[in-house]
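Enquirer: using only what follows, build the 3D model:
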Amino acid sequence: MRTFVPRPLAAVGRSFARSLVLAVAGCVVAGGAAVGAQDDAGRATEGEATAEVSYLRIAASGTALRCFPTEQSPLYQETLAEGDVVRATGVERNDFLEVELPLGVLGWVHSRFASVGADGVVRSSGRGVSFRYRPQSGEAATTQVEDGTEFRLVATEGDWLQVRYPGRSAWIGKASGVALDAPAGESAWNDLAARQAAVVEATARQRAAAVEAAAVLTAARDEFEVVRSATDTALAEAQTVADCERPIAALTTYRDGLEEDHPLRGEVDALLAQANRKREILELRAKITAEPQPIEPADLGTRAVGDPLSDYATGWLHVRSPLIGDTTVVLEKGEQVLFELTCDSGRYELDLFDGMEVAVRGAAERPDPGRQRALEVGRIEVIGRKLR
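Expert: Below you'll find the predicted structure:
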């Protein structure tokens, strides 16, 4: 069987999650170092008082992450759960604390202005690319980034990429977290970093598998187009039933090599049905154009003196309606056709006698040599009803 499900791509390295965590670790100052000057989009500015970096355990689920340190600030779509651990940068403003997540806050960039690598790294394309708190272009961006800024892909939604922005901070209320000592905070922080990295890694694997599946399907379609072209050519040139047998056999073998759920299975079945229809048409054409074989009428024998049907031909009347050609009415006896019946006078509707045993009388003639004799019915008598 030709299997559609592709083999997995080479797995993203086992140390992928660890490398993401280590890469981000360099973006955050640890162990008492002050956080430097940052942009105006809600981050600390030069000269603003800072305290030592510390870990905070979130006190309640649903804690909002704010883009800016104000009550009116838009919110990132991600919320924190009870027990999550964030790292406080030591910057406080308007009763809000600036905090960091291991792989950065969760936001959005438009795919038109970014490229995605096989490892799940998203890089901005062009200067001033907007990083947004939700996938809407009609609102102000949270910030704008330089060309080549790196993000970590988490999901896609239409033309939007949901990403984590390493090093990008957010804001929470002062009462939202409880301080932790360094050993406990660092351990919980690393756990959260591993969970976030696992999501990024899984997304990268899924994207790689989808890319390979698309490549496999493209190759399968290219192969099928060759099969389709060869089949169409063979059927167009076919003049006899035998001419159809070879392409039908080849197409059947190709179809049987596909899995039942293969994306191309329906198209292959449709092409095979088309080939079979061509064969049926050629079969009917061969029957219509075949040289007719004359059949001698059955010997009616000598009837008894006084037999009222002595000058009638008797047999079974049948109406024949072929797929191609005109409908005919015949009189049969002993599996032989005695006459092809007509009633041009309109005296009888011959199809009303279909399947009945009848006796007919009229003018008989043979229009053409080698063809069945015709009888113009002048009178008809029913001998026996058709079987039910």
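
Enquirer: avg pLDDT for stretch 150-165?
Expert: The average of the pLDDT scores along stretch 150-165 is 94.

Enquirer: was I right about residue 150 contacting residue 122?
Expert: Yes: contact criterion C-beta atoms under 8 Å: residue 150 and residue 122 qualify, at 7.0 Å. The C-beta positions use only the backbone N, C-alpha and C, and glycine is treated the same way.

Enquirer: how about residue 325, phi and psi?
Expert: Note on residue 325: backbone dihedrals following degrees, to the nearest 10 are phi 110, psi 180.

Enquirer: compare residue 150 and residue 122 (neighbour count), which wins?
Expert: When residue 150 and residue 122 are compared for neighbours, residue 122 comes out ahead with 22 against 15, by other C-beta atoms under 10 Å.

Enquirer: residue 239 - nearest residue in space that isn't next to it in sequence?
Expert: residue 282 (7.5 Å; C-beta to C-beta, 6 or more residues apart in numbering).

Enquirer: next one: the one you found from residue 245, what distance?
Expert: Separation of residue 282 from residue 245 (C-beta to C-beta, to the nearest Å): 11 Å.

Enquirer: the strand ranked longest in the chain pairs with which strands, and in what direction?
Expert: As assigned by DSSP state E, the longest strand anywhere in the chain is strand 374-384. Here strand 374-384 is paired, per DSSP bridges, with strand 336-342 (parallel), strand 357-365 (antiparallel).

Enquirer: let me have these in JSON lines, extended by distance to residue 272.
Expert: Shown next, in JSON lines, are the strands paired with strand 374-384 (distance: least, C-beta to C-beta, whole Å):
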{"stretch": "strand 336-342", "distance to residue 272": "37"}
{"stretch": "strand 357-365", "distance to residue 272": "45"}
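
Enquirer: switch the ones you listed over to a markdown table; also include mean neighbour count and mean pLDDT.
Expert: Shown next, in a markdown table, are the strands paired with strand 374-384 (neighbours: other C-beta atoms under 10 Å; pLDDT from 0 to 100):
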| stretch | mean neighbour count | mean pLDDT |
| --- | --- | --- |
| strand 336-342 | 19 | 91 |
| strand 357-365 | 16 | 89 |
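
Enquirer: on that earlier part again, would you mark the buried spots in the longest strand of the chain?
Expert: Using 16 or more other C-beta atoms under 10 Å as the test for burial, strand 374-384 gives 374-375, 377, 380.

Enquirer: so which residues of the chain form helices?
Expert: Taking DSSP state H as the criterion, the chain carries its helices at 16-25, 182-237, 241-256, 265-289.

Enquirer: pick the most deeply packed of the ones you listed.
Expert: helix 16-25 (a mean of 17; mean count of other C-beta atoms under 10 Å).

Enquirer: quick one: mean pLDDT for that one?
Expert: 41.

Enquirer: heads up, I number from 29, so please use that
Expert: From this message on, residue numbering opens at 29, which makes the last subject helix 44-53.

Enquirer: the residue positioned nearest the centre of the chain and residue 246, how far apart?
Expert: Nearest to the mean C-alpha position of the chain, by C-alpha atoms, centre = their mean, lies residue 291 at 6.7 Å. Taking C-beta to C-beta as the measure, residue 291 and residue 246 are separated by 11 Å.

Enquirer: where do the contact lists of those two overlap?
Expert: Shared contacts of residue 291 and residue 246, defined by C-beta atoms under 8 Å, 6 or more residues apart in numbering, are absent.

Enquirer: neighbours of residue 414, just the number please.
Expert: 13.

Enquirer: just checking, it touches residue 384?
Expert: Yes: counting by C-beta under 8 Å, residue 414 does reach residue 384; the two are 5.1 Å apart.

Enquirer: so what touches stretch 261-275?
Expert: Counting by C-beta under 8 Å, 6+ apart, 258-259, 302-303, 306-307, 310-311, 314 sit against stretch 261-275.

Enquirer: make CSV from those residues and add pLDDT to it.
Expert: Formatted as CSV, those follow (pLDDT from 0 to 100):
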residue, pLDDT
258, 91
259, 91
302, 92
303, 91
306, 89
307, 90
310, 87
311, 86
314, 83
